[in-house]
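In: coordinates for the following, if possible.
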Amino acid sequence: MGRVYNFSAGPSTLPVKVLQRAAGELVEYGTSGQSVMEMSHRSAHFEEIIAECEALLRELMGIPSGYKVLFLQGGASTQFAAVPMNLMGENGKADYFVTGMFSGRAAKEAALYGKVNVVATGEGENFSRMPDIDAAKLDPGASYVHICENNTIYGTRFTKLPDTGAVPLVSDMSSCILSEPVDVSKYGLIYAGAQKNMAPAGVTIVIIKEELLGKALPYTPTMLNYEVMAKNDSMYNTPPCYPIYVCKLVLEWLRDDIGGLAKMGEINRRKAGALYDFLEESSLFNATTHKPDRSIMNVPFITGSKEIDDKFVKQAAGAGFVNLKGHRSVGGMRASIYNAMPEEGIAALIAFMKDFEAKNK
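Out: The predicted model follows:
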């Protein structure tokens, strides 16, 4: 069987060139005589890999001096606890935008460590649109303001950041990091699970302003303490070595093959635009999100009939379009079109959807 078009929300598709490079180096990395999977994280070979990975990330994202880059374990969900443990100590309170399932979980987790003020939520409209940003509801005494920049399940995103003034902005970028340029200087902290746009599952990226280090609650576990991880260059213990290596390859692909994040953003907007345009014109399929808030990474859609939805997902999988079933909490379908999904994959999906529509009117 040939490769399918994988629309999984994560772990997601990786660039074929990266997979081929990783396959070629699986048994021996360079002239090391060993695989990255088996080399010591204290070796010169791996120290070179992690240093190159960080340098590439800094280059592509334009990360300013004064920020630390950490390669951590535990996924983005672990950061739901790590963020308040590290940042809530001074004032004991934080503002949260609840715009989907994961930001809701983050707010709930943070409430274990201090006072959480939910400044806006889209729950009343089933998270189909982003709530209005009312600066008056932000607490100037909060330790930080937390957002989930792109909502994987519901297919919405922040198109404009809240103005948090002197309060640090914390963003979960798990499903949109590296999809387009961002101004890192606007954030106090960015975190992202890597398994959507960066690498296989196993490594989580944290980009944190240095002035926010050293404020952890006294009972913060060592493994969740950003200052400890920063002082040890992410190697307090054995880091997720192989995902970091693949992340380096993905970053090289973004720089050398794509041409950087501005070019990647153009491609992603083109891919999403083509799919949304079809959904707008279709008499069978409908997008479920408010147009101004639509994600360029995750596109949920429905037919209005569970029976037809299930039929579509089954037939699509048989035709080589896999993982199109929507999240179990919302149903329907969802096409996650991360960086590594080629434009021809979107064109092929649209052609299949047109044919399915013609046969199921």
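
In: how about the secondary structure of Ala316?
Out: helix (DSSP: H, G, I helix; E, B strand; the rest coil).

In: nearest spatial neighbour of it, skipping sequence neighbours?
Out: Leu324 (5.2 Å; CB to CB, 6 or more residues apart in numbering). (Each C-beta comes from the backbone N, C-alpha and C, glycine too.)

In: could you check the pLDDT of that neighbour?
Out: pLDDT, Leu324: 98.

In: residues in contact with it?
Out: Phe7, Phe312, Val313, Ala316, Ala317, Met333, Arg334, Ala335 (CB atoms under 8 Å, 6 or more residues apart in numbering).

In: if we use 6 Å, what do you get?
Out: Phe7, Val313, Ala316, Met333 (CB atoms under 6 Å, 6 or more residues apart in numbering).

In: do you know how far it is from Val299?
Out: 10 Å (CB to CB, to the nearest Å).

In: list the buried residues for stretch 200-216?
Out: Residues of stretch 200-216 classed as buried by neighbour count (16 or more other CB atoms under 10 Å): 200, 202-209, 212-213, 215-216.

In: and if you look at stretch 304-318?
Out: Asp309, Phe312, Val313, Ala316.

In: nearest to Pro243 among the contacts of Leu324?
Out: Phe7 (21.4 Å; CB to CB).

In: check the burial of the closest one by counting its neighbours.
Out: 25 (other CB atoms under 10 Å).

In: so it touches Tyr338, yeah?
Out: No. Phe7 lies out of contact with Tyr338 (CB atoms under 6 Å); the separation is 9.1 Å.

In: show me where the stretch 1-150 of the chain has its helices.
Out: Ranges of helices in the stretch 1-150 of the chain, per DSSP state H, counting those that start in this stretch, are 16-24, 44-61, 75-87, 101-110.

In: to clarify, my last question referred to the stretch 201-350 of the chain.
Out: For the stretch 201-350 of the chain, the helices defined by DSSP H, counting those that start in this stretch cover 226-231, 241-253, 261-281, 306-318, 343-359.

In: list every C-alpha atom in the third one, with coordinates, as CSV.
Out: Read that as helix 261-281. Taking Å, rounded to 0.1, in the frame of the first residue of the first chain, the C-alpha atoms of helix 261-281 are listed here in CSV:
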residue,chain,number,x,y,z
LEU,A,261,7.7,30.7,8.0
ALA,A,262,6.4,33.5,5.8
LYS,A,263,6.4,31.2,2.8
MET,A,264,4.9,28.4,5.0
GLY,A,265,2.1,30.8,6.0
GLU,A,266,1.3,31.6,2.4
ILE,A,267,1.0,27.9,1.6
ASN,A,268,-1.1,27.1,4.6
ARG,A,269,-3.5,30.0,3.9
ARG,A,270,-3.8,28.7,0.3
LYS,A,271,-4.5,25.2,1.4
ALA,A,272,-7.1,26.3,4.0
GLY,A,273,-8.7,28.8,1.6
ALA,A,274,-9.2,26.1,-1.1
LEU,A,275,-10.9,23.8,1.4
TYR,A,276,-13.1,26.5,2.9
ASP,A,277,-14.1,27.8,-0.5
PHE,A,278,-15.3,24.3,-1.5
LEU,A,279,-17.3,24.0,1.8
GLU,A,280,-18.9,27.4,1.1
GLU,A,281,-20.0,26.2,-2.3
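
In: what helices and strands are in contact with that helix?
Out: helix 343-359 (3 or more CB pairs under 6 Å, 6 or more residues apart in numbering; DSSP states H and E).

In: how about a cut-off of 10 Å?
Out: helix 44-61, strand 286-287, strand 298-302, strand 333-336, helix 343-359 (3 or more CB pairs under 10 Å, 6 or more residues apart in numbering; DSSP states H and E).

In: what's the closest of the ones you listed to Thr222?
Out: The nearest among the helices and strands packed on helix 261-281, by CB to CB, is helix 44-61 at 19.9 Å.

In: against which helices or strands is the closest one packed?
Out: Judged by 3+ CB pairs under 10 Å, 6+ apart, helix 44-61 is in contact with strand 67-72, strand 204-209, helix 241-253, helix 261-281.
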